[in-house]
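Undergrad: any chance you can model this:
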Amino acid sequence: MMEDGPPNSSDGHHGWFTARNGSGNAVDLESVVRPLALNPWDVILCISGTIISCENAVVVVVIFYTPAFRAPMFLLIGSLATADLLAGLGLILHFAFVYFIPSEPVSLLTVGLLVTSFTASVSSLLTITIDRYLSLYNALTYYSERTVTRTYIMLILTWGASICYGLLPIMGWNCLKEPSTCSIIKPLMKNHLIILSVSFFMVFAVMLQLYVQICKIVCRHAHQIAVQRHFLASSHYVTTRKGIATLAVILGTFASCWLPFAVYCLLGDYSYPALYTYATFLPATSNSMINPVIYAFRNQEIQKVLWTVREVERPLCPGVASLYASLLGQTRRKI
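TA: Next up, the predicted model:
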């Protein structure tokens, strides 16, 4: 039964993001022993998790089962899709455990999974940006064993750091015993969330700088090609504008999804209404829903594989084939 009141009511029985014992309004990711009324916000997050899981599962399967996709670029896209897939599963599992199988230790595990997966997702976006910059800056030496080695090092660092962040609540760095140290997301401590937020701003700053450099390289290359091939100035302008627009969409999407939540993590307090956390956390999760469209489904090689699968699945499973067709059709229209 859906509740009629707002998610930050004082009775402390409002599902996934709750105030424990009515003592506050912070988002609570720990399980609650008492039965909870179903919160519409939690349902939306669970549905988002389902969509995220389905989208990224397609990407992971395509990259894993396609031998041609072993290049560094596809490894990094696969890392991003894996992180987003785990984030979607984490949202679903946390909803299930909080509402149907309340258990404090299991809830801490799902919180750790969410922290790990979202950290890995943001870090994977950074590695993709670094890879794109190096592919332009060192174009002549990019396709070498050195690039493969560098890619594996970046993947190890990305997932190593993400797992460490996710293990902190499980290893005892939580506010279960000291509610006054809680952040806007219980049972994460305020200091933990500040570290995550500061790390995000550092990642965003590096990505912004790299994309500025990418824009400069793209503009310079477009100008050189236009001069060598005697293209018109208008053609050079269109090519440059299209490249810059694409980069702006990538960076703008990332910023609009994560910046509100990162800022609120720094400024918010555990006594603030949970509604504020929902309103900023939901756009952050939607980034994992948008990533497959930007980084995977727009890739022409991945599109070819998906179209091939669609043709194979058409006589066997019309529903899956129509889903592929709809997804790829929307992606091509966006391109």
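Undergrad: check which helix or strand covers the residue nearest in space to the middle of the chain.
TA: Central residue of the chain (C-alpha atoms, centre = their mean): residue 288, 3.5 Å from the mean position. Using DSSP states H and E, the element containing residue 288 is helix 274-291.
Undergrad: likewise residue 207?
TA: Going by DSSP H and E, residue 207 is in helix 190-228.
Undergrad: picking up where we left off before, tell me the contacts of the residue nearest to the centre of the chain?
TA: Residues in contact with residue 288 (C-beta atoms under 8 Å, 6 or more residues apart in numbering) are 52, 56, 83-84, 87-88, 118, 121. Where you see a C-beta, it was placed from the backbone N, CA and C, and this is true even at glycine.
Undergrad: and the residues you listed, which are buried?
TA: Neighbour counting with 16 or more other C-beta atoms under 10 Å marks 52, 56, 83-84, 87-88, 118, 121 as buried within those.
Undergrad: residue 124 versus residue 162, what's the distance?
TA: Going from residue 162 to residue 124 by C-beta to C-beta, to the nearest Å gives 9 Å.
Undergrad: out of these two, which sits in the busier spot?
TA: More crowded of residue 162 and residue 124, by other C-beta atoms under 10 Å: residue 124, with 26 against 22.
Undergrad: the residue nearest to the centre of the chain: what's its closest spatial neighbour, skipping adjacent residues?
TA: Excluding the flanking residues, the one nearest residue 288 by C-beta to C-beta, 6 or more residues apart in numbering is residue 84, at 3.8 Å.
Undergrad: in the host helix or strand of the one you found, what counts as buried?
TA: Using DSSP H and E, residue 84 sits in helix 72-99. Under the neighbour-count criterion of 16+ other C-beta under 10 Å, helix 72-99 has 72-95, 97-99 buried.
Undergrad: same check, this time on stretch 42-52
TA: By 16+ other C-beta under 10 Å, the buried positions in stretch 42-52 come out as 42, 45-46, 48-49, 52.
Undergrad: ok, and what's touching it?
TA: 2, 15-17, 84-85, 87-92, 95, 98-99, 281-282, 285-286, 288-289.
Undergrad: alpha carbons of that stretch, as CSV, please.
TA: Output of stretch 42-52 as CSV, limited to C-alpha atoms (Å, rounded to 0.1, in the frame of the first residue of the first chain):
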residue,chain,number,x,y,z
ASP,A,42,11.8,3.6,-3.1
VAL,A,43,9.7,2.0,-5.7
ILE,A,44,11.0,4.5,-8.3
LEU,A,45,14.6,3.7,-7.3
CYS,A,46,13.9,-0.1,-7.5
ILE,A,47,12.4,0.4,-11.0
SER,A,48,15.4,2.5,-12.0
GLY,A,49,17.7,-0.3,-10.7
THR,A,50,15.8,-2.8,-12.9
ILE,A,51,16.2,-0.7,-16.0
ILE,A,52,19.9,0.0,-15.3
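Undergrad: low-confidence bits of the protein, can you list those?
TA: Within the chain, the ranges that satisfy pLDDT under 70 run 1-36, 221-243, 310-335.
Undergrad: the helices in it, which residues?
TA: Counting by DSSP state H, the chain has helices at residues 40-64, 72-99, 104-137, 145-170, 190-228, 233-267, 274-291, 300-313, 318-334.
Undergrad: export these as TSV, with columns for distance to residue 178.
TA: Compiled in TSV, these are given as follows (distance: least, C-beta to C-beta, whole Å):
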stretch	distance to residue 178
helix 40-64	26
helix 72-99	22
helix 104-137	15
helix 145-170	13
helix 190-228	10
helix 233-267	19
helix 274-291	20
helix 300-313	48
helix 318-334	47
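Undergrad: figure out which of those is closest to residue 183.
TA: With C-beta to C-beta, the closest approach to residue 183 among the helices of the chain belongs to helix 190-228: 4.0 Å.
Undergrad: got the angle between that closest one and helix 104-137?
TA: For helix 190-228 against helix 104-137, the angle by axes from the mean of the first three to the mean of the last three C-alpha atoms, to 10 degrees is 20 degrees.
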